[in-house]
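**Student:** Predicted model and sequence follow; I will ask about them next.
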Amino acid sequence: MEETTRGIDKVEIYEQQLVQLEEQLQEVTIERNDLEKKVKELKMLKSHQQLEEQLRKERLKCQQLASKLRESEHARNEMDDWIDVAEIVNKENHKANTRCQSSRSRSQRLEEWLYHIFYTIIEDFSSEEDDQKQIVKEEPLSVKGLKENVQQFRNDTRPIFNILTGLRNLLTWQQPIVTLVTFLVYMYTAWHGWLIPLLLFLMTFRLFINFLKYRVGLNVRFHYLQTEEIMIEEEKELGIKEKINIVLYVARKVQNKLANVSHGIQKIKNLLTWQTPEQTRKILCSLSLAFVASCVLPARILFLVIAFQLGIKLFITDALFARFPRIKKKYDNVYVMWHNLKADEDLVKLKAREHIDRSLAVTPSAEGEGRQSTPENQSRIDDKQPDEDMSMSLQVLFDLPDTEQNIRGWEGGRYCTLVDQTKSILQSFTYGRLYLSKRFLCFGAAKEKSKTIIIPLKEITKARKFKPFSWMPGKGMSIEITALHIEKPYVFGGLLLREEAFNSLMTVGSLSNMPWASQFSKTPHKEPTPTKKIRMSDLEKED
């Protein structure tokens, strides 16, 4: 009872402290708002005082200029009676120059004009350094400037993205009638050789429409592709959390974009430097065929073939690929080639994997080469070959030591399915194989080669037969493995010979004196030989 009362008293104390902290936080926020208002008022006062000082200085300047103007007017009135001799001389010189120019011939004037152009060009090519170099001042980093620049960039690039969206809608047949008319016009102009004049006419007409809209003032709403109007958002005062979110958002976008651009550049570099020979060979064959076709075919026929192929790809092939992604993954050569290209990081991993495979490759010994292949020796080699192949597969797939081999009855692994009960039914199954050696239990996915699970037998804490879904008939065909350093147990389902697999796993564990297999009999368990065909009796036993 005393412990419960103490616990209740502690809870009450904590609640009182929380209430006090909330009150202090409210007081601090109120004080912060008051201080911000005072700071704004002080800024307004400082700006007002600065304006008054500037106004005083301007008034003094105006008074000085007015006095100078009065003095100059007084001096001009006194000098009105004097004759300006310099003005008379300038007039006479001007008259003499006009007479000389009229008397010169055209050849002399042309010669002077050419000399003037020549010396001007020479002066432009002179390597004189500018005394006054323009120094670009970079603005300091600020959240307000960052927000304004991001908003301005978004508003400026929105028309371009709208045009690209309209072009994509046109090519994907969002409006079938418009796309069909565009496709027919394109093919007709390409057949008659009017494709380039058509494009030039469309650009000229677009500039004329912009002239009527922005210079004349006519409200002309004409667009080749559907666009959206730019909506300018109202500026709002941002809090500290919003400012931090803006900076993190921009940094994340810049990071991801730079990573994508660098990966693309690396793929192009590796394609051109023969780091991926298969893809580079395809490019070389395509360029060679294009070169031969350009040498053999006339320019008109070559242009017609390129235009027709481009039109069919843009309006028909790409539309089918966009509608059916599976067909795109199989038959779109550009898409397949781009995804098969490797970046620098992928090439490093691939070379490391090849080096491991070469080091783990089984080389014949000199003693074995000197022997004759008698029928008895051949039968021994045939009996031993599966174990060697399977041990090599364990080393290659899971990077296990050379001493690890599949136990008898597990050659080639056992087909099973990794079940993840936290996901939906369609995404909870991963098909693959289960391998068992003296010290490891491994799982390798069939499609995703990189998805592997390696469970040391000494880290297993519990192994039991399991039924993942209660609505399934029978006792189940799964094994649940609980191990250290994992949050949830692994469930391997779909084992056709579940009893045999479980018994062999427990046998290996009991022979290795594992605690989780202590209840299992340590007598040597005679494992049945693996059968190629599955009998109905085995399935009935499993049920």
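**Tutor:** Perfect, I can see it now.

**Student:** Contacts only, for Ser67.
**Tutor:** For Ser67, the contact set (C-beta atoms under 8 Å, 6 or more residues apart in numbering) is empty. For glycine as for every other residue, the C-beta is placed from the backbone atoms N, C-alpha and C.

**Student:** check which helix or strand covers it.
**Tutor:** Element membership of Ser67, judged by DSSP states H and E, is helix 2-78.

**Student:** for Leu320, same thing?
**Tutor:** Applying DSSP H and E, one finds Leu320 within helix 318-323.

**Student:** buried stuff in that helix?
**Tutor:** Neighbour counts using 16 or more other C-beta atoms under 10 Å place 318, 321 of helix 318-323 among the buried residues.

**Student:** For stretch 331-348, measure first residue to last.
**Tutor:** 28 Å (C-alpha to C-alpha, to the nearest Å).

**Student:** quick one: the helices in the stretch 301-450 of the chain?
**Tutor:** 318-323, 325-331, 333-340, 344-360, 366-370, 375-398 (DSSP state H, counting those that start in this stretch).

**Student:** any idea which of those helices scores lowest on pLDDT?
**Tutor:** Lowest mean pLDDT within those: helix 366-370, at a mean of 38.

**Student:** Regarding Ile454, what is its secondary structure?
**Tutor:** Following DSSP: H, G, I helix; E, B strand; the rest coil, the label given to Ile454 is strand.

**Student:** I'd guessed it sits against Pro401; true?
**Tutor:** No - using C-beta atoms under 8 Å, Ile454 is not in contact with Pro401; the gap is 11.9 Å.

**Student:** the more surrounded of these two?
**Tutor:** Ile454 (16 against 11; other C-beta atoms under 10 Å).

**Student:** any low-confidence regions in the stretch 351-500 of the chain?
**Tutor:** Across the stretch 351-500 of the chain, the ranges flagged by pLDDT under 70 are 355-393, 425-427, 449-450, 471-474.

**Student:** just the strands in it please.
**Tutor:** Applying DSSP state E, counting those that start in this stretch to the stretch 351-500 of the chain gives strands spanning 414-419, 429-436, 440-445, 452-456, 460-466, 478-483, 490-493.

**Student:** closest one to Phe324 among those?
**Tutor:** strand 429-436 (24.4 Å; C-beta to C-beta).

**Student:** which parts of the helix or strand encompassing Asn270 are buried?
**Tutor:** In the assignment (DSSP H and E), Asn270 maps to helix 240-272. Buried positions in helix 240-272, judged by neighbour count with 16+ other C-beta under 10 Å: 246, 263, 266-267, 270-271.

**Student:** For the helix holding Leu320, give me every contacting residue.
**Tutor:** Contacts of helix 318-323 (C-beta under 8 Å, 6+ apart): 171-173, 327-328, 331-332, 335.

**Student:** how about stretch 454-463: buried residues?
**Tutor:** 454-455, 457, 459-460, 463.

**Student:** re the thing from before, rebuild the strands of the stretch 351-500 of the chain as JSON lines, extending it with distance to Gly166.
**Tutor:** Below are these laid out as JSON lines (distance: least, C-beta to C-beta, whole Å):
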{"stretch": "strand 414-419", "distance to Gly166": "46"}
{"stretch": "strand 429-436", "distance to Gly166": "42"}
{"stretch": "strand 440-445", "distance to Gly166": "42"}
{"stretch": "strand 452-456", "distance to Gly166": "47"}
{"stretch": "strand 460-466", "distance to Gly166": "55"}
{"stretch": "strand 478-483", "distance to Gly166": "53"}
{"stretch": "strand 490-493", "distance to Gly166": "50"}
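
**Student:** packing partners for whatever helix or strand Ala290 lives in?
**Tutor:** Using DSSP H and E, Ala290 sits within helix 277-296. Packing contacts for helix 277-296, counted by 3 or more C-beta pairs under 8 Å, 6 or more residues apart in numbering; DSSP states H and E, involve helix 240-272, helix 299-312, helix 333-340.
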